[in-house]
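Undergrad: build me a model from this:
(chains A, B, C and D)
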Protein chains: 2
Amino acid sequence: MRNPTPLNHARLPTIRDVAAAAGVSPAAVSRHLNRSVVLPAETASRIDSAVAALNYRPNIQALRLSRGITQMIGVVTPDIAYPFFAMIASAAEEEASRFGYSVVICNTRNQIERELDYLDKLAWRHVDGLIFLTNHADDGTLGKRLERLQNVVLLDEDVAGTVAPKIFIDNHMGGLLATRHLIEQGHRRLAHVTGPAGVMSVKERFAGFRQAMAEAGLPVDEALVKFGAYDEAWGAEAFRQLFALAERPSAVFLASDALALGMLAACRAAGVAVPRSLSLVGFDDLPFVRYLDPPLTTVRQPAEELGRCAVRRLIETLRGLPVPDRPERLPVELVVRGSVAGHGSHPSLR
Amino acid sequence: MRNPTPLNHARLPTIRDVAAAAGVSPAAVSRHLNRSVVLPAETASRIDSAVAALNYRPNIQALRLSRGITQMIGVVTPDIAYPFFAMIASAAEEEASRFGYSVVICNTRNQIERELDYLDKLAWRHVDGLIFLTNHADDGTLGKRLERLQNVVLLDEDVAGTVAPKIFIDNHMGGLLATRHLIEQGHRRLAHVTGPAGVMSVKERFAGFRQAMAEAGLPVDEALVKFGAYDEAWGAEAFRQLFALAERPSAVFLASDALALGMLAACRAAGVAVPRSLSLVGFDDLPFVRYLDPPLTTVRQPAEELGRCAVRRLIETLRGLPVPDRPERLPVELVVRGSVAGHGSHPSLR
DNA sequence: CTGAAAGCGCTTACAG
DNA sequence: CTGAAAGCGCTTACAG
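TA: As a prediction, this is how the structure comes out:
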């Protein structure tokens, strides 16, 4: 009746072997190993010796079945190869491992079907919880599915109407800082190129942009605000559209570094000098943007901190702490490098 | 005796519930679901209906315990946030998921203790297999541990003396292509900046470098070959050392893009124009190096293909296929961009 | 062919 | 305090 050992596995010692070697019951070994009881020193050391001698380690599948937990969490992102998500996942793994959790990769390519697949995996207990990062607006599908699920923390982007722990950044402040910086450098005609309309981060960064413009008494020209996607292709395309305008902007605030990359490439192709002819501010601070030419001025998202924070919050949730009534907001920081030039009548003009 | 459901979990339907609803035994349900038997159509459809009605899915922990397999593989890398490893992991996840495997992140920070920890996890069956990528020379510790382990495939870098499936790239050809390209562009005084001496990839890329030099009848000046590490810091430091020389090189072949990044930054800081005063060829082709200024000429490693290939090979191993007697070698490709200029007496000089 | 039962290796409520 | 036993939810060798 014993299953043939699959995968050519050698038989590993079990808790019964340890018990036999130590002359106690399996229950005693279990309790001692889990510290749910304090045994007489002599007995305890007999067990410890047996464990060491046999090189025993509890079978994790058995543990999981009997305890009903997996000690695993999933990190759901569009693609773990994108540096921002990779940094989050890496930091999440590090933090998770200190709590004894493993993290499994859940790539969605930003497809809702795959997002739902991973939510199913949570429902079927393949993992204890999920750190969920989506990059598209929800038509209600996600929200409805999330309603019946516990143990997911929403990271970086909201799913409207969902009750869950949420870790976001201060998008509004990011938009404000980027735009103020441009204005301080003397720019007056500003464009904003951003991701899909309807997504929280897009709305909030745009709100920051508008506030900075309002503070400076500057009008927001609708023709200079380009909603689309967070990717390189849209950055390049947006450049073409802006470049075709009669009155071109002298600077643009881009809501992601990928957008900035795309626009930078398009600028080069068109022979437009950055920052002399066009100033750019990005968003994210991907690790390599300081090596670009010019080094990119951008708004830094604390990727590692986001990952760590999400793991801590998730583990608290798993331990039964109530869902906080408002999102946690991590601070954002303007990193001034070389992609913004002084412009126009501003005193700091060069 | 029933455990209290942890994590506030609702009770999920079990195979007994399905069996009861369909009026058959749990064994029948199990066999039908695993297609290990063909039931009369009428019975089969009763079971299918019960599964659908109850929204039943087998408990994966129970499956794992009874079958002794986890359907999970680990991807062991120094840090999944480094783009090259991130791309490998991402492609590995995609390929693994089509075979029903999940992939768990195993970051080692290039520390042998953490590498051994993950090998332990394999030994304790936390995963079925490991894709193992290390970046340092082994003093024998790793090799000895690996000896007793099955189901690990070595990726990108060797651990000397180990019997295991191995997926490498054609490092020698990479060194050859990079160096030939430099020579063809008229360079004669070439430097080579590379990773830690003793590591397979370092040795092989260097051998390619030497072969190209020999082909051209050029001597290899030991003072221009810099072993160290694969990272940015070493690229910058190597530049300083090279720059301090009386007879400086006109071009350098760097064994990673990270090295090239570090050297590029150091060049800028020193006011050395690339490629006019110094030509650079990197290795890896990280996704963003085409956005550098100048766009980096580099040797492309097929990162995604490496990840996919490693997964396929691992799954074959899990299915009992024998270990191939020689490493699989994936081809490499020179990507010519803008970081190499013509030089000296060569006809193509500009 | 089909089901009852034993087994995978733990945990823990219960009884002594 | 300690152990025997039942249970977690599957799979599968065995018997009918």
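
Undergrad: please, where are all the strands along the stretch 51-200 of chain A?
TA: With DSSP state E, counting those that start in this stretch, the ranges of strands along the stretch 51-200 of chain A come out as A:72-77, A:102-107, A:129-132, A:152-155, A:166-169, A:190-193.

Undergrad: ok, residue A:171 - contacts?
TA: By CB atoms under 8 Å, 6 or more residues apart in numbering or on different chains, residue A:171 lies in contact with A:200-201, A:204-205, A:208, A:332. The way it works is simple: take the backbone N, C-alpha and C, and place the C-beta from them, glycine included.

Undergrad: how far away is the nearest residue to it once chain neighbours are set aside from chain B?
TA: Distance criterion CB to CB, 6 or more residues apart in numbering or on different chains; nearest residue to residue A:171, sequence neighbours excluded, is residue A:204 at 3.4 Å. Going from residue A:204 to chain B by CB to the nearest CB, to the nearest Å gives 26 Å.

Undergrad: and residue A:204, how far is that from residue A:225?
TA: 14 Å (CB to CB, to the nearest Å).

Undergrad: between those two, which is the more surrounded one?
TA: residue A:204 (20 against 17; other CB atoms under 10 Å in any protein chain shown).

Undergrad: next up, the contacts around the closest residue to residue A:241 other than its chain neighbours.
TA: Leaving aside its sequence neighbours, residue A:241 sits nearest to residue A:226 (CB to CB, 6+ apart; 6.5 Å). Counting by CB under 8 Å, 6+ apart, residue A:226 touches A:191-194, A:234, A:238, A:241-242.

Undergrad: give the residue spans of the stretch 1-150 of chain A that score low on pLDDT.
TA: By pLDDT under 70, the low-scoring segments of the stretch 1-150 of chain A are A:1-8.

Undergrad: in it, which spans are helices?
TA: Ranges of helices in the stretch 1-150 of chain A, per DSSP state H, counting those that start in this stretch, are A:15-22, A:26-33, A:41-54, A:60-67, A:83-98, A:112-123, A:141-147.

Undergrad: circling back to that earlier point, out of the strands of the stretch 51-200 of chain A, which is closest to chain B?
TA: Comparing the strands of the stretch 51-200 of chain A against chain B with CB to the nearest CB, the closest turns out to be strand A:102-107 (4.5 Å).

Undergrad: and that closest one with strand B:102-107, angle?
TA: Per axes from the mean of the first three to the mean of the last three CA atoms, to 10 degrees, the angle that strand A:102-107 makes with strand B:102-107 is 120 degrees.

Undergrad: gap between the closest residue to residue A:284 other than its chain neighbours and DNA strand D?
TA: Leaving aside its chain neighbours, residue A:284 sits nearest to residue A:257 (4.2 Å; criterion: CB to CB, 6+ apart). Shown here: residue A:257 relative to DNA strand D, a distance of 45 Å by CB to the nearest atom of the strand, to the nearest Å.

Undergrad: report the contact partners of residue A:257.
TA: Contact analysis of residue A:257 by CB under 8 Å, 6+ apart lists A:84, A:282-286, A:289, A:296, A:298.

Undergrad: follow-up on the earlier one: phi, psi of the residue nearest to residue A:171?
TA: phi -70, psi -40 (degrees, to the nearest 10).

Undergrad: which residues does it contact?
TA: When contacts are counted by CB under 8 Å, 6+ apart, residue A:204 touches A:171-172, A:175.

Undergrad: and the helices in the stretch 251-350 of chain A?
TA: Using DSSP H, counting those that start in this stretch, the helices of the stretch 251-350 of chain A run over A:257-270, A:303-318.

Undergrad: JSON lines for those helices, including mean pLDDT?
TA: Putting those into JSON lines (pLDDT from 0 to 100) gives the following:
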{"stretch": "helix A:257-270", "mean pLDDT": "95"}
{"stretch": "helix A:303-318", "mean pLDDT": "97"}
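
Undergrad: of these, which approaches residue B:31 most closely?
TA: Among the helices of the stretch 251-350 of chain A, helix A:303-318 comes nearest to residue B:31, with 35.4 Å by CB to CB.

Undergrad: enumerate the positions of the closest one that are buried.
TA: Within helix A:303-318, the residues that count as buried by 16 or more other CB atoms under 10 Å in any protein chain shown are A:303-315, A:317-318.

Undergrad: and stretch A:126-139, by the same measure?
TA: Across stretch A:126-139, burial judged by 16+ other CB under 10 Å covers A:126-138.

Undergrad: now the closest residue to DNA strand D within the stretch 151-300 of chain A: closest residue in space that isn't a chain neighbour?
TA: Residue of the stretch 151-300 of chain A nearest DNA strand D, by CB to the nearest atom of the strand: residue A:151 (17.5 Å). Once flanking residues are discounted, residue A:151 sits nearest to residue A:129: 3.8 Å by CB to CB, 6+ apart.

Undergrad: which outside residues touch stretch A:129-139?
TA: A:73-78, A:85, A:88, A:92, A:106, A:108, A:110, A:112, A:115, A:118-119, A:122, A:142, A:151-157, A:159-160, A:195-199, A:230, A:307, A:310-311, A:314-315, A:317-318.

Undergrad: now do stretch A:147-161
TA: Stretch A:147-161 is contacted by residues A:88, A:119, A:122-123, A:128-135, A:138, A:142-143, A:146, A:162-169, A:199-201, A:301, A:306, A:310, A:313-314, A:317-318, A:327, B:7-8 when judged by CB under 8 Å, 6+ apart.

Undergrad: do the same with stretch A:115-123
TA: So stretch A:115-123 is contacted by A:74, A:76, A:106, A:108, A:127, A:129-130, A:132, A:134, A:141-142, A:145-146, A:148-149, A:151-152 (CB under 8 Å, 6+ apart).

Undergrad: ok, residue A:104 - how many residues close by?
TA: When neighbours are counted by other CB under 10 Å, residue A:104 registers 23.

Undergrad: what about residue A:239, how many neighbours?
TA: Residue A:239, neighbours per other CB under 10 Å, totals 27.

Undergrad: which residue lies closest in space to it, excluding its sequence neighbours?
TA: Counting by CB to CB, 6+ apart, the nearest residue to residue A:239 once its immediate chain neighbours are dropped is residue A:266, at 3.9 Å.

Undergrad: tell me the bridge partners for residue A:226.
TA: Beta bridges link residue A:226 to residue A:193 when assigned by DSSP bridges.

Undergrad: and the gap between it and residue A:316?
TA: Distance, residue A:226 to residue A:316, by CB to CB: 40 Å.

Undergrad: residues contacting residue A:275?
TA: Shown in contact with residue A:275 (CB under 8 Å, 6+ apart): A:294, A:338-341.

Undergrad: once you drop chain neighbours, what's closest to the residue in chain A positioned nearest to chain B?
TA: Going by CB to the nearest CB, chain B is nearest to residue A:293 of chain A, at 3.1 Å. Excluding its sequence neighbours, the residue lying closest to residue A:293 (CB to CB, 6+ apart) is residue B:293, at 3.1 Å.
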